[in-house]
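**Student:** coords please:
(2 chains)
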Amino acid sequence: ETGVTQTPRHLVMGMTNKKSLKCEQHLGHNAMYWYKQSAKKPLELMFVYSLEERVENNSVPSRFSPECPNSSHLFLHLHTLQPEDSALYLCASSQDGTSRTQQYFGPGTRLTVT
Amino acid sequence: AQKVTQAQTEISVVEKEDVTLDCVYETRDTTYYLFWYKQPPSGELVFLIRRNSFDEQNEISGRYSWNFQKSTSSFNFTITASQVVDSAVYFCALSDPGGATNKLIFGTGTLLAVQP
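**Tutor:** Numbers count the residues shown, from 1 in each chain, chains lettered A, B, ... in the order given. Purely as a prediction, here's the structure:
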């Protein structure tokens, strides 16, 4: 595997379910990100991890819980979501957490909350 | 506050036409980076270019070219002789170097449809 991978690619869940999104980067990067992409809206940064430490939490509701066990893996744990949380969730990584380095994105997980 | 505006929501062209995607940004920082990403139907954002705010030279890469003008806060992207494979959503983004992290501020994207 190369680049940034995300699983699952598609997820349908009820509002009372608990599920997790997984992201893995094979680039040797030290920073990882979660973004939310909703229709007709700009990509919204949710969380940033640098060297496995959360350095940004962009006012995200607590029903989204990130976890970064090591620099190659990032999870987004979901529970009691709302229909408006349906979106494409994109993971990205970069060499470090500075603005000089470009971010490499995964293919995303298309989430539908019913 | 930083902001990126892509006024063109959708553009449709016929193959082999040239097309320019507009990007206007706002920032108070003197040092910043601008990016263009391509998002094909598969969903993955593909990095196209990064431009440092101190480097105003235009860049050409094959059929792609970028025109960076600080005076008008614009970073426009031109595809020459467009092809069907260019059909995608294109995002312009601005980095936020003033923050503690590598925060990208994205525009709303321009959907480019290239018809055969």
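
**Student:** out of everything not next to it in sequence, what's closest to A:Cys68?
**Tutor:** A:Tyr49 (4.2 Å; C-beta to C-beta, 6 or more residues apart in numbering or on different chains). Backbone N, C-alpha and C define where each C-beta goes, glycine included.

**Student:** no no, A:Leu45
**Tutor:** Leaving aside its sequence neighbours, A:Leu45 sits nearest to A:Asn58 (C-beta to C-beta, 6+ apart; 5.2 Å).

**Student:** and that neighbour, how many residues sit next to it?
**Tutor:** Other residues within reach of A:Asn58, judged by other C-beta atoms under 10 Å in any protein chain shown, total 14.

**Student:** Walk me through which strands the helix or strand of chain A with the lowest mean pLDDT pairs with, and which way each runs.
**Tutor:** Every helix and strand in chain A was compared by mean pLDDT, DSSP states H and E; the lowest is strand A:53-57, with a mean of 76. Paired neighbours of strand A:53-57 in the sheet (DSSP bridges): strand A:44-50 (antiparallel).

**Student:** Run the contact check for the one helix or strand A:Leu88 maps to versus chain B.
**Tutor:** Element membership of A:Leu88 [criterion: DSSP states H and E] is strand A:87-94. Yes - applying C-beta under 8 Å from any C-beta of the partner chain, one finds strand A:87-94 in contact with chain B at A:Leu88, A:Leu90, A:Ala92, A:Ser94.

**Student:** Test my guess that the last one contacts A:Arg100.
**Tutor:** No - assessed by C-beta atoms under 8 Å, A:Ser94 is found out of contact with A:Arg100, at 9.2 Å.
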